[in-house]
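Undergrad: below are the sequence and a predicted model for it; my questions follow.
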Amino acid sequence: MLGKIALEEHFAIADTLTDSAGFVPESYWPELKSRLLDIQDRRLAEMDKHGIEMMILSLNAPAVQAIPETARADEIARRANDYLAEQVAKRPSRFQAFAALPMQDPELAVAELERCVTTLGFRGALVNGFSQIADGKTPVYYDLPQYRPFWASVERLGIPFYLHPRNPLPEDSRIYDGHPWLLGPTWAFGQETAVHALRLIGSGLFDEHPRLEIILGHMGEGLPYSMWRIDHRNAWVKAPHKHKAKRKIRDYFNENFHLTTSGNFRTQTLIDAILEIGADRILFSVDWPFENVDHAADWFNSASISETDRVKIGRQNAAKLFKLNMPAAARGRINQAAE
Ligand code: MN
């Protein structure tokens, strides 16, 4: 399929680059480093080669979220956002932007989000899970009451919020003791992010702000597969969940969430996601530069789904969600690579 839009695609600036070291063997670091620092060269060639018309770019992880000193977090977020705005301005038909946000301080986060959306023309925000505050050993999750004004701003601005993974802090990782292989994309990213998403839902956030649009990567971080069980455990016991949300968890999942295919190129998993949340809420993504563009595109172009769903997931859903004023490329041209 040609004309794809991809939206979990990362870059780094010098200040955040080393946050991505350690996720690949040392011998691969020079390659990953050059992929992260490049925007207009190798990345563009990969997009052209594999039918990606646009990438919506975001900073690497955990970056801003792992800087406990609030002023410094704000400074790095602004620096990254300014750099990204310059890069997007060079090729706005190929690149758009997600804001990095200093969530350590909800008021600063609102100010930077408004600057990015209204002044720099960014399409949304991408935040790397919880933020570290104080001594750096304290994670804050965004279901907490101090973040309600932030969510009101996100809803008012009408932009999507991408909840991207990070690892739990060492203090909160005892379950992985002796098994460091489970950290990162293998397992810990998904568990951490899925629980954060469930905290947002359970807190009643979407009763208060029903127009919020949250995006989860990696085909939903395992949530589609568990969605029925979350609401129905021990159904014979007439004891409803004690969360604050007024409806079933799946109601919010289906109305306030979108999933991307980033880093999870598996047709069985995609079909499960389609059955749970519907093809209108799934969007193509790669997770470049941590995953290869060809691995994502070759899989997606030939996955056993309908051509209607392929065009929705590959392009139309993103154009609609991000209000991208893209010319509707001819259907034959879009499907060329799949046939
Ligand atoms: Mn990613």
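TA: Nice, I can see it.

Undergrad: how many other residues sit next to residue 189?
TA: The number of residues packed near residue 189 is 22, by other CB atoms under 10 Å. Placement of C-beta: from N, CA and C, glycine included.

Undergrad: actually, residue 115.
TA: When counting by other CB under 10 Å, one arrives at 17 neighbours for residue 115.

Undergrad: and it, helix, strand or coil?
TA: helix (DSSP: H, G, I helix; E, B strand; the rest coil).

Undergrad: look up how far residue 252 lies from it.
TA: Look at residue 115 and residue 252: by CB to CB, to the nearest Å, they are 29 Å apart.

Undergrad: what does the lengthiest helix in the chain contact?
TA: For the chain, the helix that runs over the most residues, judged by DSSP state H, is helix 70-90. The contact list for helix 70-90 (CB atoms under 8 Å, 6 or more residues apart in numbering) reads 11, 13, 15-16, 39-40, 57, 59, 63-65, 67, 95-97, 99-102, 104-105, 108, 112, 115-116, 120-122, 131, 133.

Undergrad: what number of residues lie near the residue of the chain found nearest the ion?
TA: At 4.4 Å from the ion, residue 287 is the closest residue in the chain, using CB to the ion. Residue 287 has 24 neighbours, counted by other CB under 10 Å.

Undergrad: am I right that residue 151 is in contact with residue 212?
TA: Yes. The criterion here is CB atoms under 8 Å, and residue 151 meets it with residue 212 at 6.3 Å.

Undergrad: any shared contact partners between the two?
TA: residue 205.

Undergrad: filter the contacts of helix 70-90 down to the buried ones.
TA: Buried members of the contacts of helix 70-90, scored by 16 or more other CB atoms under 10 Å, are 11, 13, 15-16, 39, 57, 59, 63-65, 67, 95-97, 99-102, 104-105, 108, 112, 115-116, 120, 122, 131, 133.

Undergrad: taking the residues you listed one by one, which sit in strands?
TA: The strands, defined by DSSP state E, take in 11, 57, 59, 95-97, 99, 131, 133 from the buried ones among the contacts of helix 70-90.

Undergrad: who's in contact with the host helix or strand of residue 193?
TA: Counting by DSSP states H and E, the element that carries residue 193 is helix 188-202. For helix 188-202, contacts defined as CB under 8 Å, 6+ apart pick out 129-130, 141-143, 163-168, 173, 176, 182, 206, 214, 216-218, 220-223, 226, 230, 241, 243-245, 249, 252-253, 256-257.

Undergrad: what is the helix or strand following it packed up against?
TA: Downstream of helix 188-202, the next assigned helix or strand under DSSP H and E is helix 205-208. Other elements packing on helix 205-208 under the criterion 3 or more CB pairs under 8 Å, 6 or more residues apart in numbering; DSSP states H and E are helix 148-157, helix 249-256.

Undergrad: so residue 162: helix, strand or coil?
TA: Look at residue 162: counting by three-state DSSP, its state is strand.

Undergrad: try the one 3 residues further on
TA: Judged by three-state DSSP, the three-state class of residue 165 is coil.

Undergrad: among the contacts of helix 188-202, name the buried ones.
TA: Among these, those classed as buried by 16+ other CB under 10 Å are 129-130, 142-143, 163-168, 173, 176, 206, 214, 216-218, 220-223, 230, 245, 249, 252-253, 256-257.

Undergrad: how far away is residue 205 from residue 164?
TA: Residue 205 sits 18 Å away from residue 164, going by CB to CB.

Undergrad: equivalent analysis for residue 134, please.
TA: 23 Å.

Undergrad: with that, I have no additional questions.
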